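Novice: Take a look and give me a structure for this.
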Amino acid sequence: MTKISHCFQSLRDRSQCALIPFITAGDPDLATTAQALQVLDKSGADMIELGVPYSDPLADGPTIQAAATRALQRGVGLDDVLGIVKDLTPTLQAPIVLFTYYNPILNRGIESFLKQIATAGVQGLVVPDLPLEEAEALMKPAAEIGIDLVLLVAPTTPKARMEAIARQSQGFIYLVSVTGVTGMREQLTSKVPDLLQQMRAVTDKPIGVGFGISGPEQAQQVKNWGADGVIVGSAFVKRLAEGKPAEGLSAIGEFCRNLKAAIRD
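Specialist: Presented below is the predicted three-dimensional model:
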């Protein structure tokens, strides 16, 4: 059992829901990213999704795009991100799930990329632009090296394809709550409960819901709908980028604790 699967199983045994914050590595700087991982780990995060800055982030909304652009302008690359992860993973309870696009993986070479992230201590991988038809080329070697490749299901995914994705996804299934890109929204679509119900009919794997969750009330709503995990990105990235680094770190710590409290009850 991988660390991610063990985490979900442990939470299920206690009838709890996982909190999975997302931050963009290198924004506002690498030192703050390292501190942010520690703050989130101590503030209730069950897993942490760490985004690698990329020049053409197709799935990301304005907040995360801007964060990635700032990080790239400072010269932050994959090696820098993995350096932080390698230094910190021995001290973190929360597994690190790396969020990156497929082109940088292909550019480095699948085997080389996987070995490097595994050595750094990464436990899971989300590649939003990886189609199901091409997932096997990455999934098989990832499984062999002990990394969960998490696949995404969208509101527009047909039922047959949803079942196929559910069969292949490892660690958990990432259910996208909205049609479009990441970003905070005032309300979540009414389709989410139906999507969760459809997913439950075809799989017993954990399901994490992300995209559009902006606060404790929505997180609690998603948990009450039956999600195994709540994934929150833009709201963390926005708080971390505002003001001085110390203020951002304090803000994400408080926000993380509030989210965890909302889904614990």
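Novice: When you work out contacts or count neighbours from here on, use the C-alpha atoms and nothing else.
Specialist: OK.
Novice: Packing partners of the helix or strand encompassing Glu133?
Specialist: Glu133 belongs to helix 132-145 when assigned by DSSP states H and E. Under the contact definition 3 or more CA pairs under 8 Å, 6 or more residues apart in numbering; DSSP states H and E, helix 132-145 sits against helix 110-120, strand 148-150.
Novice: could these be laid out in JSON lines, adding mean neighbour count and distance to Asp79?
Specialist: Formatted as JSON lines, the helices and strands packed on helix 132-145 follow (neighbours: other CA atoms under 10 Å; distance: least, CA to CA, whole Å):
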{"stretch": "helix 110-120", "mean neighbour count": "17", "distance to Asp79": "9"}
{"stretch": "strand 148-150", "mean neighbour count": "24", "distance to Asp79": "20"}
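Novice: Nearest approach to Val126 belongs to which of those?
Specialist: Closest to Val126 of the helices and strands packed on helix 132-145 is strand 148-150 (CA to CA; 5.2 Å).
Novice: what's the closest one in contact with?
Specialist: Contact with strand 148-150 is made by 2, 4, 123-127, 138-139, 142-143, 169-174, as judged by CA atoms under 8 Å, 6 or more residues apart in numbering.
Novice: List only buried entries from those.
Specialist: Among the contacts of strand 148-150, those classed as buried by 16 or more other CA atoms under 10 Å are 4, 123-127, 138-139, 142, 169-174.
Novice: Counting neighbours, which bits of stretch 150-157 end up buried?
Specialist: Val150, Leu151, Leu152, Val153, Ala154, Pro155.
Novice: Skipping its backbone neighbours, what lies nearest the second one in space?
Specialist: When the adjacent residues along the chain are set aside, Leu151 lies closest to Ser169, with 5.0 Å between them (CA to CA, 6 or more residues apart in numbering).
Novice: so what's Val230 up against?
Specialist: Residues near Val230 by CA under 8 Å, 6+ apart: Cys17, Ala18, Leu19, Ile20, Gly208, Val209, Gly210, Ala219, Val222, Lys223.
Novice: number of nearby residues for Glu134?
Specialist: By other CA atoms under 10 Å, the residues close to Glu134 number 9.
Novice: correction: Pro158
Specialist: By the criterion of other CA under 10 Å, Pro158 has 10 neighbours.
Novice: Equivalent analysis for Lys191, please.
Specialist: Residues lying near Lys191 (other CA under 10 Å) number 12.
Novice: What of the one 5 residues further on?
Specialist: Around Leu196 there are 19 other residues, counting by other CA under 10 Å.
Novice: That one and Thr69, how far apart?
Specialist: 33 Å (CA to CA, to the nearest Å).
Novice: for Val39, same thing?
Specialist: Counting by CA to CA - Val39 and Thr69 are separated by 23 Å.
Novice: do the same with Gln197
Specialist: Computed as CA to CA, the Gln197 to Thr69 distance reads 37 Å.
Novice: Quick one: distance of the one helix or strand Asn107 maps to to the chain centre.
Specialist: Using DSSP H and E, Asn107 sits in helix 102-108. Centroid separation for helix 102-108 versus its chain: 19 Å, with CA atoms, centre = their mean, to the nearest Å.
Novice: Now do the buried residues in that helix.
Specialist: Judged by neighbour count (16+ other CA under 10 Å), helix 102-108 contains these buried residues: Tyr102, Ile105.
Novice: So which other helices or strands are in contact with it?
Specialist: Helices and strands touching helix 102-108, as assessed by 3+ CA pairs under 8 Å, 6+ apart, are absent.
Novice: Would you mind extracting the C-alpha trace of that helix into PDB?
Specialist: The C-alpha atoms that make up helix 102-108 are tabulated as PDB, following Å, rounded to 0.1, in the frame of the first residue of the first chain:
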ATOM      1  CA  TYR A 102       3.200  16.200 -19.600                       C
ATOM      2  CA  ASN A 103       5.700  18.100 -21.800                       C
ATOM      3  CA  PRO A 104       8.300  18.500 -19.100                       C
ATOM      4  CA  ILE A 105       8.100  14.800 -18.300                       C
ATOM      5  CA  LEU A 106       8.600  13.800 -21.900                       C
ATOM      6  CA  ASN A 107      11.400  16.300 -22.300                       C
ATOM      7  CA  ARG A 108      13.300  14.800 -19.400                       C
END
